[in-house]
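Q: Return atomic coordinates for the entry below.
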Amino acid sequence: MSSQPTAAVSVPFTIENALPGPLAFGDSPDLYRIRLHPEHSAGGPTIKYLTAPNSSRIFTGPDAHFRRFNNLPFDSVPAGDWIVGRLVIAEEGDSDASQRGKLKLASTEPAGAETADILNHLGLCSAEPLWCSTTIDEADCQLPRPTSDWTTVITADGNEVNIPKPTDLECMDYVSASVIPAPTTGNVMTGHAQEVSVVRVLDWLPGHWVGIERDTRAHQIIQARDPGLAPRFLAHVTENGSRVIGFLLEHIPDAREAGPKDLEKCRAALARLPTLGIAKGRELKRHSFLVKTDGSVVIRGPFTYNDVPAEESVDELGEVMEAELDSIETVLAQSPSEFEEQPARMLRLVDPRRTKMLDEFERAHGLVVPFVYWQESSEGGGRITLTVEEHGVMAREFEKNGFRWTSELQQRAEERFGPKRSPQ
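A: Now for the predicted structure:
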């Protein structure tokens, strides 16, 4: 049963993220992830979630995400052993006129079995089962503060701009991964005393537990049957000491990405995966392979796997693996690689012309269709070539299709709009 929040004992928090509910599903709530500082949690949950009415049709435009932050006018919540709270919109009858239209905390859900059901309903499942004996809470493996994900560079015309820092080699292809100092709490370094830094793969977002669970299972198989083929799996990462949201991997600081001269070693390493029921599972890249200082090759995740006996999975994965092996020579010859091309790509992302174009799409149609970001990918040509009118055509089709971007819509868009046109 939900309890009403009380103002008697409250503790400060910081907003880590404000995630809008899907535009296509008006009943899906906005989700706020907040963090209590350890000195205010008193041993209780450090991470809490607040649900709010879906605002995806209200907050549009490039500043929509930040406007959701501003719509949460309070900076403290009730103390206690709760994880999920419910936000409502302050109505006209509320005494404080300045808060009308903003959000207020209506109730909290006591921690327990029902809380797990609520989190699962929100897509915040736990990436289980655990197979490694070592776990560590995400609060104990954070990046040192202060830190910044941005860096300042000088453009070709002499202007200073802030761009996201390039991703570490071992963090490529993960939604959220960082190289961090090896945690000193818990038992994560048991048997790995030589570790100075580790790769933290952590993703709390709704639905993303599936990828964490799949990759964790693949590492379990590799570590049990072919250790050394991939970086060592060191620990599961939990949230509030319970929900599994990530893992720690061995960091190989002197490794480089593979190139043409590493072809045979990479081919041999890749050929070992299907006997384990595993495929690389994503488009193969040069950074899929790490070459260590001794010349040996390890394969990086994310991986996919078939949870069936190896002799059956070899047949099921045969076509995928054959395509990967056939493409490896071309992949290793790519220059510059995706890893090397990061600085140039980051500069394109902060290009004022791009920002203006996305702003025009948002203001005209209330959203940016997925095809726009596909056009920016290497597969899509690397540049947005759409006009506002062309974007409007796809936006109407996207809405008519229940805001589901299907392969049919993608194929139709490619046939009409790209990428075989000169970039604007």
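Q: Would you mind measuring the gap between the ends of stretch 372-386?
A: Start and end residues of stretch 372-386 are separated by 8 Å (CA to CA, to the nearest Å).
Q: Please spell out which residues along it are buried.
A: For stretch 372-386, burial by neighbour count (16 or more other CB atoms under 10 Å) applies to 372, 374-376, 380-381, 383-386. Heads up, the C-betas are built off the backbone N, CA and C, glycines and all.
Q: mind checking how far it is from the chain centre?
A: Its chain's C-alpha centre and that of stretch 372-386 lie 20 Å apart, by CA atoms, centre = their mean, to the nearest Å.
Q: Going forward, count from 42.
A: Sure, I'll start counting at 42 from here, so that last one is stretch 413-427.
Q: what mean pLDDT does it have?
A: For stretch 413-427, the mean per-residue pLDDT is 84.
Q: Give me the neighbour count for residue 290.
A: 24 (other CB atoms under 10 Å).
Q: what about the strands in the stretch 242-391 of the chain?
A: With strands called from DSSP state E, counting those that start in this stretch, the stretch 242-391 of the chain shows them at 274-280, 284-291, 297-298, 319-320, 330-332, 338-340, 345-346.
Q: so which of the ones you listed gets nearest residue 205?
A: Checking the strands of the stretch 242-391 of the chain against residue 205 by CB to CB gives strand 297-298 as the closest, at 19.4 Å.
Q: which residues are contacting the closest one?
A: With CB atoms under 8 Å, 6 or more residues apart in numbering as the test, strand 297-298 has contacts from 210, 327-328, 330-332, 378, 380.
Q: Sketch out the low-pLDDT regions of the stretch 192-341 of the chain for me.
A: Along the stretch 192-341 of the chain, segments meeting pLDDT under 70 span 196-198, 226-235, 322-323.
Q: Where do the helices of it begin and end?
A: With helices called from DSSP state H, counting those that start in this stretch, the stretch 192-341 of the chain shows them at 250-266, 304-312.
Q: Make a markdown table out of the ones you listed and add mean neighbour count.
A: Formatted as a markdown table, the helices of the stretch 192-341 of the chain follow (neighbours: other CB atoms under 10 Å):
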| stretch | mean neighbour count |
| --- | --- |
| helix 250-266 | 19 |
| helix 304-312 | 16 |
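Q: Excluding covalently adjacent residues, which one is nearest to residue 82?
A: residue 52 (7.6 Å; CB to CB, 6 or more residues apart in numbering).
Q: What residues of the helix or strand hosting that neighbour count as buried?
A: Per DSSP states H and E, residue 52 falls inside strand 51-60. Going by neighbour count (16+ other CB under 10 Å), the buried part of strand 51-60 is 51-52, 54, 59-60.
Q: go on, stretch 202-214?
A: 204, 207-208, 210-214.
Q: hang on, the earlier thing: most widely separated two among the buried residues of strand 51-60?
A: For the buried residues of strand 51-60, the maximum inter-member distance is 23.7 Å, found between 51 and 60 (CB to CB).
Q: quick one: which of the buried residues of stretch 202-214 is nearest residue 320?
A: residue 214 (14.1 Å).
Q: show me what contacts the closest one?
A: Contacts of residue 214 (CB under 8 Å, 6+ apart): 323, 326, 328-329, 341-343.
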